[in-house]
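In: Sequence plus predicted model, see below.
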Amino acid sequence: MQKWKLVLEACRDDTLSMMIRRPGPTARLLLITASLLGIAAGAVMVARGFLPTRTLAPAPAAPVIAFEPATLEMGELTADAPKTVAVTLRNISGRTLRITAAIANCGCTTSTFPPDPIPAGGTAEALVTVKAPTTQDESLMKSVTFLVDGANPVSLTVLGHVMKAAPGAVAPPATVDSVEELALSDRPTVSPPNAPTTKPATPVAPATPHAPPQPITFARINPPIQPGARVSFPSLASWVKGTPITSFAPGKVYVFEFFSTSCSHCKEFAELVTRLARTYGAQGAEFIAITDEEAPIVKAWLAQPGKLNEVPYSVVSDPDRSAMITLQNGTFRNFNPRFFVIKNGIVQWFGHPKEAEEPIAKVVAGTWDPETVRAAAITDSTVSRGKDLLDRVARDCDKTGDWTPMFAALDAVRAVIPERAGQYDAQRFVIMIGLGDMPDAGYEFGRRIAKEYAQDMPTTRSLARAILNSPYAKRRDVDFAMELAVTADTLAKGEDARAADTLGLAWFSKGNREKAIENAERAVKLEKDQKIREQYEQSLQKFRTGTPGPEPTKPRPVPAAAAPTAAPAPPNPG
């Protein structure tokens, strides 16, 4: 699955920049949406009849899944190097269960979940992947919550010991992760060698012959949690800091932050959260930070020198994840840290703290209308569900080497999300010229959609990036890529950092170092996000010191099912 990651990394755009980056090695092809880091939460809440204007009810209690091992020990982890470990999920209920999503409490952790129902007494496998950032503490503790249709969610604790990479250490070899990250991202990444793909559910009795393949279908299901949805105040277990609250006060604005004390992404934005809490808390907003960690862990975190001054808001330990079930799971998306802004029991906005200031300010001022962002939120949730379908199909394509089912899946998702058609067409293109092994038809398709999206800057830019940087492209039509890159930069009026960086790569591929450096420097100046700017600086350094020319093409990875087995060891003569 990791090799697919490089394909998506080859051409990233704005809509795809939110794609969840799942370094798990089970599927070579697809986490297909932009974005964030999210995993589809499934249709379980909708199936229970939740509507945007209804108050959500708690999920029924009763443990139905047991983990083997009960706690997943990842062992030693190298910073910035993904590691994947399998866990067995055993159905301990008396009926068949379907798991609809796997949601981690931190962006560095992802998990697959069984695509098939698990029969009573049966087992299935999930692959949990952790990519600990360099800012992660030495001791790592995360959790993954599995949503079960018609039953209470179950959570798995993930532990590990993070080792910092030695200076100058060589990164592990690049492998395919997902079509989305491989094909539609701006920058390549590296991941560890492939781990075994997710195993299907294991029945108690001998398996019956498989039925003929079913047509791939996908339907739009609106998430129960969206801007404008009415929700009840979450039942919170332990208020470690602040005065306990059990209901919404009329007219008061509440900002719930979901975080983890050990989450490096949360630490990265802690200063911003503190500033927002001080600014809008002074104007009457109530900030409540919620973690699923046990209270003693949270208390120890707050006891760190200076921490109380950094946290001018309430902090709640919620190990049973009731708040996450009430709010986060119903979005069908997974992102961390995340804010939920609620007034009069109605969700006004939710999203990443870095995008929260304008919504919070307007909600506090009484000028915010949640209807203005509802359609976009629903689309993002649908994209996350589409990503999940595509990821499952990708795992099968990875094993067989036949990507035809992926094209059918892309068609099914594209038909339901026409507003994002460009990103799915770009993904089809990158598969065709790469792992699909059909470059002639791929470039014919690419030129056709280039005309169709001639005024669509993100798609045009993504097509250019796919040609220039997709690691498995059978051939690179650099002239075509240059046309696309120039078009994208022109449409952006020279003000989009990604378009500038892509144009720089096009000039470098054409052998013009001076033009490559000129555009890369412009990308660095335009980019506001520090992490992305650092990556553009790396590209700039490459253009300054590397040998100009097209990126080399990697050999097509051997499908997992056809991978050769190791020869038996010779007998020991002793």
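Out: Nice, I can see it.

In: And the strands in the stretch 251-400 of the chain, which stretches?
Out: Listed in chain order, the strands of the stretch 251-400 of the chain (DSSP state E, counting those that start in this stretch) span 253-258, 286-291, 314-317, 338-343, 346-351.

In: neighbours around Thr367, how many?
Out: Thr367: 8 surrounding residues under other CB atoms under 10 Å. For glycine as for every other residue, the C-beta is placed from the backbone atoms N, C-alpha and C.

In: any idea how far it is from Ala361?
Out: 9 Å (CB to CB, to the nearest Å).

In: mind showing which ranges of the chain have poor pLDDT?
Out: 1-62, 164-214, 334-336, 556-574 (pLDDT under 70).

In: which stretches of it form strands?
Out: For the chain, applying DSSP state E gives strands covering 65-68, 71-78, 83-91, 99-104, 109-111, 123-130, 139-148, 154-163, 238-241, 253-258, 286-291, 314-317, 338-343, 346-351.

In: Which of these sits closest to Thr487?
Out: Among the strands of the chain, the nearest to Thr487 by CB to CB is strand 346-351 (30.7 Å).

In: outside of the closest one, which residues touch it?
Out: Residues outside strand 346-351 that contact it (CB atoms under 8 Å, 6 or more residues apart in numbering): 225-231, 253, 327, 331, 335, 338-342, 356, 359-360, 363, 368, 370, 373, 377.

In: if we can go back for a sec, as a markdown table, the strands of the stretch 251-400 of the chain with distance to Lys510 and mean neighbour count would be great.
Out: Compiled in a markdown table, the strands of the stretch 251-400 of the chain are given as follows (distance: least, CB to CB, whole Å; neighbours: other CB atoms under 10 Å):
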| stretch | distance to Lys510 | mean neighbour count |
| --- | --- | --- |
| strand 253-258 | 46 | 24 |
| strand 286-291 | 50 | 23 |
| strand 314-317 | 54 | 22 |
| strand 338-343 | 42 | 24 |
| strand 346-351 | 39 | 22 |
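
In: so can I have a markdown table of those showing distance to Val298?
Out: Putting those into a markdown table (distance: least, CB to CB, whole Å) gives the following:
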| stretch | distance to Val298 |
| --- | --- |
| strand 253-258 | 13 |
| strand 286-291 | 6 |
| strand 314-317 | 5 |
| strand 338-343 | 18 |
| strand 346-351 | 23 |
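
In: ok, how many other residues are close to the closest residue to Lys542 other than its chain neighbours?
Out: Leaving aside its sequence neighbours, Lys542 sits nearest to Phe508 (CB to CB, 6 or more residues apart in numbering; 7.8 Å). Neighbour count for Phe508, taken as other CB under 10 Å: 26.

In: Show the contacting residues for Phe508.
Out: Phe508 sits next to Ala516, Lys542, Phe543, Gly546, Pro548, Gly549 when contact means CB under 8 Å, 6+ apart.

In: Among these, which are located in helices?
Out: Those of these mapping onto helices are Ala516, Lys542, Phe543, per DSSP state H.

In: Now do the longest helix belonging to the chain: which elements does it pack against?
Out: Counting residues, the longest helix found in the chain (DSSP H) is helix 371-400. Packed against helix 371-400 by the contact rule (3 or more CB pairs under 8 Å, 6 or more residues apart in numbering; DSSP states H and E) you find helix 179-183, helix 404-416.

In: could these be laid out in a markdown table, adding mean neighbour count and distance to Arg98?
Out: Formatted as a markdown table, those follow (neighbours: other CB atoms under 10 Å; distance: least, CB to CB, whole Å):
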| stretch | mean neighbour count | distance to Arg98 |
| --- | --- | --- |
| helix 179-183 | 36 | 24 |
| helix 404-416 | 19 | 19 |
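
In: what's the closest of the ones you listed to Ser155?
Out: Closest among those, using CB to CB: helix 179-183, at 26.2 Å.

In: wait, doesn't Ala412 sit right on Phe218?
Out: Yes - applying CB atoms under 8 Å, one finds Ala412 in contact with Phe218, separated by 4.3 Å.

In: hey, what's in contact with both of these two?
Out: Joint contacts of Ala412 and Phe218 (CB under 8 Å, 6+ apart) are Leu389.

In: about what we covered before: Throw the strands of the chain into TSV and include distance to Thr404, thanks.
Out: Shown next, in TSV, are the strands of the chain (distance: least, CB to CB, whole Å):
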stretch	distance to Thr404
strand 65-68	34
strand 71-78	35
strand 83-91	27
strand 99-104	27
strand 109-111	27
strand 123-130	25
strand 139-148	31
strand 154-163	35
strand 238-241	52
strand 253-258	40
strand 286-291	44
strand 314-317	49
strand 338-343	37
strand 346-351	37
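
In: Just tell me which of these ends up closest to Leu308.
Out: Of all those, strand 238-241 sits nearest to Leu308, with 7.8 Å by CB to CB.

In: Now tell me what touches the closest one from outside.
Out: Identification of contacts with strand 238-241 by CB under 8 Å, 6+ apart yields Ala295, Val298, Lys299, Leu302, Leu308, Val311, Tyr313, Ser314, Val315, Val316, Ser317, Asp318.

In: Using PDB, list the CA coordinates for that strand.
Out: C-alpha atoms of strand 238-241 as PDB (Å, rounded to 0.1, in the frame of the first residue of the first chain):
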ATOM      1  CA  SER A 238     -14.100  13.900  34.600                       C
ATOM      2  CA  TRP A 239     -13.500  17.700  34.700                       C
ATOM      3  CA  VAL A 240      -9.800  17.900  35.500                       C
ATOM      4  CA  LYS A 241      -9.800  21.700  35.200                       C
END
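
In: partners of that strand, with directions?
Out: strand 314-317 (antiparallel) (DSSP bridges).

In: send the alpha carbons of the partner strand over as CSV?
Out: This file holds the C-alpha atoms of strand 314-317, laid out as CSV (Å, rounded to 0.1, in the frame of the first residue of the first chain):
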residue,chain,number,x,y,z
SER,A,314,-11.5,23.9,31.1
VAL,A,315,-10.0,20.4,30.5
VAL,A,316,-11.9,17.2,30.6
SER,A,317,-10.9,13.6,30.7
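
In: Not counting that strand itself, show me its contacts.
Out: Under CB under 8 Å, 6+ apart, the answer for strand 314-317 is 236-243, 245, 286-295, 297-298, 302, 323.

In: 6 Å instead, please
Out: Residues outside strand 314-317 that contact it (CB atoms under 6 Å, 6 or more residues apart in numbering) are Leu236, Ser238, Trp239, Val240, Lys241, Gly242, Ile288, Ala289, Ile290, Ala295, Val298.

In: Same question for stretch 364-380.
Out: Asn222, Gln226, Pro227, Gly228, Val253, Tyr280, Gln283, Ala285, Gln348, Lys362.

In: What spatial separation is found between Ser264 and Val85?
Out: 20 Å.

In: Ok, Ile433 next?
Out: The value you get for Ile433 to Val85, if CB to CB is used, is 34 Å.

In: cool, and Pro550?
Out: Counting by CB to CB - Pro550 and Val85 are separated by 37 Å.

In: so which of the strands of the chain comes closest to Ser384?
Out: strand 99-104 (9.3 Å).

In: From the chain's centroid, how far away is the closest one?
Out: When distances are taken as CA atoms, centre = their mean, to the nearest Å, strand 99-104 is centred 12 Å away from the chain's centroid.

In: ok, that strand: who's next to it in the sheet?
Out: Assessed with DSSP bridges, strand 99-104 is paired to strand 139-148 (antiparallel).

In: Would you mind extracting the C-alpha trace of the strand it pairs with into PDB?
Out: Output of strand 139-148 as PDB, limited to C-alpha atoms (Å, rounded to 0.1, in the frame of the first residue of the first chain):
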ATOM      1  CA  SER A 139       6.700   7.400  25.200                       C
ATOM      2  CA  LEU A 140       3.800   7.100  22.800                       C
ATOM      3  CA  MET A 141       0.200   6.200  23.700                       C
ATOM      4  CA  LYS A 142      -2.600   6.600  21.200                       C
ATOM      5  CA  SER A 143      -6.000   5.000  20.700                       C
ATOM      6  CA  VAL A 144      -8.100   3.800  17.800                       C
ATOM      7  CA  THR A 145     -11.900   3.700  18.100                       C
ATOM      8  CA  PHE A 146     -13.800   1.200  15.900                       C
ATOM      9  CA  LEU A 147     -17.400   2.100  15.100                       C
ATOM     10  CA  VAL A 148     -19.700  -0.900  15.100                       C
END
